[in-house]
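Chemist: sharing a model that was predicted from the sequence below.
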Amino acid sequence: MRDRFTITISDINGSKHYLLHQIIKRFVLYFTLFVVFIIVAGSYLISFLIDEVSDLERKKEITAQEQIVLKKSNDELLLKIQDKTKEFDAIKEKITDIEELVGIKPSLEEEVDARLDNISFNSTQQKVFFSNIPNGEVIPYTGLSGSFGWRVHPILKSKEFHRGIDLRANLMTPVKAPADGVIEYAGFHNSSGFGNLVIIEHNFGFKTSYAHLSSKFPVPAGQFVKKGDIIGYTGNSGLSTGPHLHYEVRFVTRPLDPKNFMEWNSTNFKEIFKKEKRVSWQSLIKIMNTQFQLLKQQ
């Protein structure tokens, strides 16, 4: 009976005898270990997946909260854009009123470029232009450290529209008026970052600004100046990385590229009419010529 439950395995090394119940025990043991391994591994995998799901749920909740914050911020920006659009429309209406007030409202029926090409100016008429409208150098030109247009602010590191040009200059370089006008402002302007600032209001809606000056103001606000008069000295005041002159030219609040006006002279007199389309040159020329004829008759 014992031999019936005995299994003999023979090979070149000899014979080995195994009892059947021992084989069954080993099989049950290995199978049990395998099942335990599967259960443990499955439990670990399930625990891992549960943690992953919980983590994804947390991320989903955080993302949802961020979306709510972004939506709120977007809504606020849209409201601000709407408000700014209304302000811009109001400013445009004011500009139109000012243009009409100073008599330089452009005519829609006129072909401006064609009319300007056919206009001829004598030296006396050019002199009238150059006396009233900013032109020529305000300081000796030694190069630009900042151009007109979009840029990254050298100190604030934010993208902005640079409404003027930055002219390289040594400290205390005399700054001269580019046309006749009246000093509108001369003093320290803290809120703009311009530091010591001079603003000149010229004829026919033109205005020029000079920033980062020294604290020496040779001409006070309210005083009239002629083209070529010294109105300040270069400095390093306000938000400035070094001595230079920030120079702006505006026409009825519209910023223009000052470099075009600095390069404007009698040899390229008509080029400014094509470079600066934001100025109503045709109606301005008409007004100035009328005044010139009146002066000539007197």
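Modeler: Perfect, I can see it now. Numbers count the residues shown, from 1 in each chain.
Chemist: list the contacts of Glu160.
Modeler: By C-beta atoms under 8 Å, 6 or more residues apart in numbering, the contact list for Glu160 reads 150-153. In this view, the C-beta of every residue, glycine as well, is placed from N, C-alpha and C.
Chemist: tell me the secondary structure at it.
Modeler: Using DSSP: H, G, I helix; E, B strand; the rest coil as the criterion, the local structure at Glu160 reads strand.
Chemist: so Phe261 sits against Val249, correct?
Modeler: Yes - checked against C-beta atoms under 8 Å, the pair Phe261 and Val249 is within contact range at 5.3 Å.
Chemist: could you export the contacts of Glu160 as JSON lines, including pLDDT and distance to Gly143?
Modeler: Output for the contacts of Glu160, formatted as JSON lines (pLDDT from 0 to 100; distance: C-beta to C-beta, whole Å):
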{"residue": "Trp150", "pLDDT": "88", "distance to Gly143": "20"}
{"residue": "Arg151", "pLDDT": "83", "distance to Gly143": "16"}
{"residue": "Val152", "pLDDT": "82", "distance to Gly143": "19"}
{"residue": "His153", "pLDDT": "78", "distance to Gly143": "20"}
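Chemist: which stretches of the stretch 151-298 of the chain form strands?
Modeler: Ranges of strands in the stretch 151-298 of the chain, per DSSP state E, counting those that start in this stretch, are 159-162, 165-168, 174-176, 181-189, 195-201, 206-213, 224-225, 230-233, 244-251, 254-256.
Chemist: most centrally placed residue in this protein?
Modeler: Central residue check for the chain by C-alpha atoms, centre = their mean: the C-alpha nearest the mean position is that of Glu160, 2.3 Å away.
Chemist: give the bridge partners for that residue, please.
Modeler: Bridge pairing for Glu160 (DSSP bridges) gives the partners Arg151.
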